[in-house]
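Novice: Quick one, fold the following:
(4 chains)
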Protein chains: 2
Amino acid sequence: MENANKSPQGISVPDTEALYDLAELFKVFGDTTRIRIIAALLNGEMAVYTLSEFLEMGQSAISHQLRILRAAGLVRPRRDGRTVYYSLDDEHIELIYNMGLAHINHKSSQHHKEEEE
Amino acid sequence: MENANKSPQGISVPDTEALYDLAELFKVFGDTTRIRIIAALLNGEMAVYTLSEFLEMGQSAISHQLRILRAAGLVRPRRDGRTVYYSLDDEHIELIYNMGLAHINHKSSQHHKEEEE
DNA sequence: TCAATGTATGAACAAGTATTCATATATTAA
DNA sequence: TTAATATATGAATACTTGTTCATACATTGA
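Specialist: Got it, this is the predicted structure:
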């Protein structure tokens, strides 16, 4: 693994700075509004106001969250007249998103199995 | 896609409850201490005190974070005498973790490329 | 039983964060 | 230029969260 440190105990982890960035990335995914925006944008680009209608939230709240998603490099704006359309800006996003959903589904079916036993 | 809703506009997303759970999952990954614990446990099980030494943090702080990881079903404790060893409890964890690292590395190399231009 | 060790947990505090409100900026049409 | 529309943003507030401190619980050895 690149940029990995090995402790005297033989424990190998990426350097703390990389793990800090990693936590920052997941933090962006770890908010209901933002994950719903990502889920919506998986269908293709969408205007800010359309998003705010779809998620039934104020336009300001959506804009604030889009700014965070933009700063994280997850979405990209495209202006057309007065309207700004946002779209996903990275091919990894859908992978991470689907991986998370797979975990959720796995856990919930596991839970059902345990309840049956 | 299972449990997906289709809006009148034809936008298809999982139901809000699933997305809420998804955000909860990523929230767990979205903390520096917890992601460092996960990174450490990728090397195999580890005792609480060993973790707190390795991460140079108080035992209490580590225990609190382990509780959150436990509640999320990401780690599992194994008691041996007075010592409790924790290990990762899901095969998806490493996938999600690696996906995130791939994104980080992709983004940082992209950044370097942009700086060169 | 008592002391020692490893872990867990409740309370308190500080720091971070999402939303709302008001307002600014940008663009278009009149 | 002015009005209207779409989006962005700063300030304020309520809420959440991570760490520390003190202490409780669990286990082992004497």
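
Novice: In chain A, what residue spans correspond to strands?
Specialist: Along chain A, counting by DSSP state E, strands occupy A:4-6, A:12-14, A:46-47, A:75-80, A:83-88.

Novice: So what are the sheet partners of the last one and their directions?
Specialist: Each strand that pairs with strand A:83-88, with its direction, by DSSP bridges: strand A:46-47 (antiparallel), strand A:75-80 (antiparallel).

Novice: Most tightly packed of the ones you listed?
Specialist: Most buried of the strands paired with strand A:83-88 by mean neighbour count (mean count of other Cβ atoms under 10 Å in any protein chain shown) is strand A:46-47; its value is a mean of 18. All C-beta atoms are positioned from the backbone trio N, CA, C, and that covers glycine.

Novice: anything in that one near DNA strand D?
Specialist: Yes - shown here: strand A:46-47 in contact with DNA strand D (Cβ under 7 Å from any atom of the strand) through A:A47.

Novice: go on, stretch A:71-82?
Specialist: Yes - with Cβ under 7 Å from any atom of the strand as the measure, stretch A:71-82 is seen reaching DNA strand D through A:P77, A:R82.

Novice: Briefly note if that stretch comes near DNA strand C.
Specialist: Yes - Stretch A:71-82 is in contact with DNA strand C by Cβ under 7 Å from any atom of the strand, via A:R79, A:G81, A:R82.
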